[in-house]
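Undergrad: Any chance you can model this:
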Amino acid sequence: MIIPNIHAGACFADLRIGLLGGSFNPAHAGHRAMSLYALKRLNLDQIWWLVSPQNPLKPAKGMAPLAERLEDARALAHHPNILVTSIEAQFGTRYTADTLAALKLHFPRTRFVWLMGADNLEQIPLWYQWEKIFAQVPVAIFRRPGYATGGKATQYFAAWRHPSSHGRTLAAFAPPAWLVLDNPLNLLSATAIRGQKTGG
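TA: Residues are numbered from 1 along each chain as shown. So this is what the prediction gives:
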């Protein structure tokens, strides 16, 4: 669904909502598995998939139209507590730091948690104002095959790391607060799926 009214923050007051951003080009079972795991392990009420109009770090070539990616993501999500949104297009934001700022402005009583894989953790220092992501909301990191959970970002915020056992209360922590989940490893990736479709 598209969030019907971004100014109606009271509708989501006091909810614990995980945010999974990305191109979803295409959405795949790995996204759904991450979301279901987060709902349970982080004690979340909902997961919002933030389908990006265009990731600034990815080429526009080969990117399916936003409407198509939204439709495919909704068909795949198929869960009452996973909401597929184009909220970045509604806000007019391109960068995660700006999207989070807008979400906190419009939904001041909602407890958001940013969800991301270790692959994105590795490259997050390349993101626009990446430190503000950790400074605005708690962050939960999913283990991914072939990717470490160390690096510049984790070193920078090392003092605010929590054990994975704190997952169910992470949404209540004041940021910065982050942890690495003990999730099962999943080999699926959108890049591999696109390669299979094109024969590459």
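Undergrad: Just give the closest residue to Tyr95, not the sequence neighbours.
TA: Tyr128 (4.1 Å; CB to CB, 6 or more residues apart in numbering). Quick note: C-beta positions are derived from backbone N, CA and C, even for glycine.
Undergrad: need the contact list for the one you found.
TA: Tyr128 makes contact with 56, 95-98 under the criterion CB atoms under 8 Å, 6 or more residues apart in numbering.
Undergrad: of all these, which comes closest to Leu39?
TA: Thr96 (21.0 Å; CB to CB).
Undergrad: gap between the closest one and Ser35?
TA: 18 Å (CB to CB, to the nearest Å).
Undergrad: can you check Leu50 too?
TA: Distance from Leu50 to Ser35, by CB to CB: 12 Å.
Undergrad: Between those two, which contacts overlap?
TA: Leu20.
Undergrad: Make sure Ala174 is indeed in a strand.
TA: No. Under DSSP: H, G, I helix; E, B strand; the rest coil, Ala174 sits outside any strand and is assigned coil.
Undergrad: need the contact list for the residue nearest to the spatial centre of the chain.
TA: The centroid of the chain falls nearest to Leu20 when counting by CA atoms, centre = their mean (2.0 Å). Residues near Leu20 by CB under 8 Å, 6+ apart: 31, 34-35, 38, 47-50, 115-116.
Undergrad: Settle it for me: which of Thr96 and Ser35 has more neighbours?
TA: A count of neighbours by other CB atoms under 10 Å puts Thr96 above the other of Thr96 and Ser35, at 26 against 22.
Undergrad: Run through the residues that contact the more buried one.
TA: Contacts of Thr96 (CB under 8 Å, 6+ apart): 21, 114, 127-128, 130, 133.
Undergrad: change it to 10 Å
TA: Contact partners of Thr96, counting by CB atoms under 10 Å, 6 or more residues apart in numbering, are 19, 21, 50, 52, 55-56, 88, 114, 116, 120, 124, 127-130, 132-133, 136.
Undergrad: mind checking pLDDT for it?
TA: Note for Thr96: predicted pLDDT of 96.
Undergrad: Now Lys152. Nearest residue, chain neighbours left out?
TA: Pro125 (4.7 Å).
Undergrad: go on, Ala153?
TA: In space, Ala153 is closest to Ile124, 5.1 Å off (CB to CB, 6+ apart).
Undergrad: hang on, the earlier thing: would you reformat the contacts of Leu20 as TSV and include distance to Arg74 and pLDDT?
TA: TSV is the format used below for the contacts of Leu20 (distance: CB to CB, whole Å; pLDDT from 0 to 100):
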residue	distance to Arg74	pLDDT
His31	12	95
Met34	17	95
Ser35	13	97
Ala38	18	98
Ile47	13	97
Trp48	12	96
Trp49	9	97
Leu50	13	96
Leu115	18	98
Met116	21	95
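Undergrad: Return the member of the residues you listed nearest to Asn183.
TA: Met34 (7.2 Å).
Undergrad: quick check, distance from the helix or strand containing the closest one to the centre of its chain.
TA: Applying DSSP states H and E as the criterion places Met34 in helix 29-41. Averaging C-alpha positions (CA atoms, centre = their mean, to the nearest Å) puts helix 29-41 11 Å from its chain's average.
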